[in-house]
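Asker: Turn this into a structure:
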Amino acid sequence: MPQKFEVHIIGCGSALPTRKHLPSCQVVDIRDKLMLIDCGEGAQLEWRKTGLNWQKITHIFLTHAHGDHVFGLPGFLSTMGLLGRTAPLYIHGPSNLQTYVEFMKAHFFPDFDYDIRFHAIDASLHQCIYEDRSMEVWSLPLKHRLPCCGYLIKEKPTLPHIRREMIDFYGIPTWAINRVKAGEDWTTPEGEVVPNSRLTTPADPVRAYAYCSDTMPTEELAEWCRGIDLLYHEATYAEGEKQQAERYFHSTASQAAATAQAADVRKLLIGHFSARYEDESLLLEEAKKVFPNTYLASEGMQVTL
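Answerer: Numbering: from 1, shown residues only. Okay, here's the model as predicted:
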């Protein structure tokens, strides 16, 4: 059974909080390692509804320095300190956010027991900005009014599975199991060579998720996101407000769907809705005409990859 890979929507509105939506914020849960992406106003209140553990947040990834993506950060960081956090917290984002983070550290919580470490990203580059044994996080340069990057989070390939019945049948010892997973055949004490293909089943498919917040459409984005399981793409406006989208460097729902289609992703989730839309069904309908497997984001939604 595949390991956990979940996306939790904390907020999916754009600049103005409404009675229906909070500004941008998500949690990605990979194998119980939690990563926060953006942190709009009210994020910690909606977070409490998820039941997720605050102390399991290891990294925060910020897309850009607009308030609807970062105004919730001071309260979020303060709450983690008040709850007794001691483990370091790593914040990644475009370099112009470093002053904001350093100001918060100096003025709001200089005496907390955990260290906040900022990692500046060149938002113009598509590069791996973080990795551990099981996953990688890549920056996705976006086209907005100021330096902005999305994030591609993907698993690293795993080894094939060894068949339990074959371990028992051939008496394969524990020390040899990883060798078999790595591709070796097994030779029995009698000298019989058992081919690896008989002993193993294929590894789990590698899963990937891309978060693309504020951006105009770009051809490069489709290439970087090709074939992924889930794409979250902003759809701030309907096609009737295309000029507004161009003016403020945003996308329409149809444009988001065109990116998903060009990238051949499995599933599209649209969000970052303008406050002008009390009912986002118009956005969903426009997107589905281009890319049928499209869904609306909503607060409290959990998507399993």
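Asker: Show me the shaky parts of the stretch 1-150 of the chain.
Answerer: 1 (pLDDT under 70).
Asker: partner strands of the helix or strand encompassing residue 26, parallel or antiparallel?
Answerer: Using DSSP states H and E, residue 26 maps to strand 25-30. Looking at strand 25-30 with DSSP bridges, its partner strands are strand 5-11 (antiparallel), strand 33-37 (antiparallel).
Asker: Just put the ones you listed in CSV and tack on mean neighbour count.
Answerer: C-beta: built from backbone N, CA, C; applies to glycine. As requested, the strands paired with strand 25-30 are arranged in CSV below (neighbours: other C-beta atoms under 10 Å):
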stretch, mean neighbour count
strand 5-11, 23
strand 33-37, 22
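Asker: Using CSV, lay out those together with distance to residue 115.
Answerer: As requested, the strands paired with strand 25-30 are arranged in CSV below (distance: least, C-beta to C-beta, whole Å):
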stretch, distance to residue 115
strand 5-11, 24
strand 33-37, 17
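Asker: so is the residue of the chain most remote from its centre in a helix, a strand, or just coil?
Answerer: The C-alpha centroid of the chain is most remote from residue 190, which lies 50.6 Å away (C-alpha atoms, centre = their mean). With DSSP: H, G, I helix; E, B strand; the rest coil as the basis, residue 190 sits in coil.
Asker: And the strands in the stretch 1-150 of the chain?
Answerer: 5-11, 25-30, 33-37, 57-61, 89-94, 116-121, 128-131, 135-141, 149-155 (DSSP state E, counting those that start in this stretch).
Asker: Isn't residue 108 up against residue 78?
Answerer: Yes - with contact defined as C-beta atoms under 8 Å, residue 108 reaches residue 78; the gap is 6.3 Å.
Asker: which residues are contacting the strand holding residue 26?
Answerer: 3-11, 34-40, 43, 46-47, 50, 52, 57, 72, 134-135, 153, 155, 209, 211, 232 (C-beta atoms under 8 Å, 6 or more residues apart in numbering).
Asker: Distance from that strand to the middle of the chain?
Answerer: Distance, stretch centre to chain centre, for strand 25-30: 6 Å (C-alpha atoms, centre = their mean, to the nearest Å).
Asker: what angle separates that strand from strand 149-155?
Answerer: Here strand 25-30 points in a direction 20 degrees away from that of strand 149-155 (axes from the mean of the first three to the mean of the last three C-alpha atoms, to 10 degrees).
Asker: got the angle for strand 25-30 vs strand 135-141?
Answerer: Using the same axes, to 10 degrees: strand 25-30 against strand 135-141 is 150 degrees.
Asker: Just the C-alphas of strand 25-30, formatted as CSV.
Answerer: In CSV, the C-alpha atoms belonging to strand 25-30 read as follows (Å, rounded to 0.1, in the frame of the first residue of the first chain):
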residue,chain,number,x,y,z
CYS,A,25,-2.7,28.3,2.5
GLN,A,26,-2.2,24.5,2.1
VAL,A,27,-0.6,21.6,4.0
VAL,A,28,1.1,18.8,2.2
ASP,A,29,1.4,15.6,4.3
ILE,A,30,4.0,13.1,3.0
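Asker: and the angle from it to strand 57-61?
Answerer: 130 degrees.
Asker: any idea how far the residue farthest from the centre of the chain is from residue 204?
Answerer: Plainly put, residue 190 is 33 Å away from residue 204 if you go by C-beta to C-beta, to the nearest Å.
Asker: which ones are touching the spatially closest residue to residue 236 that is not a sequence neighbour?
Answerer: Excluding the flanking residues, the one nearest residue 236 by C-beta to C-beta, 6 or more residues apart in numbering is residue 250, at 4.1 Å. Remark: with contacts taken as C-beta under 8 Å, 6+ apart, residue 250 is in contact with 214-216, 234, 236-237, 244, 272.
Asker: in the chain, which spans are helices?
Answerer: Assigned by DSSP state H, the chain shows helices spanning 43-50, 67-70, 73-82, 98-107, 164-170, 174-181, 196-199, 219-224, 242-247, 253-263, 281-290.
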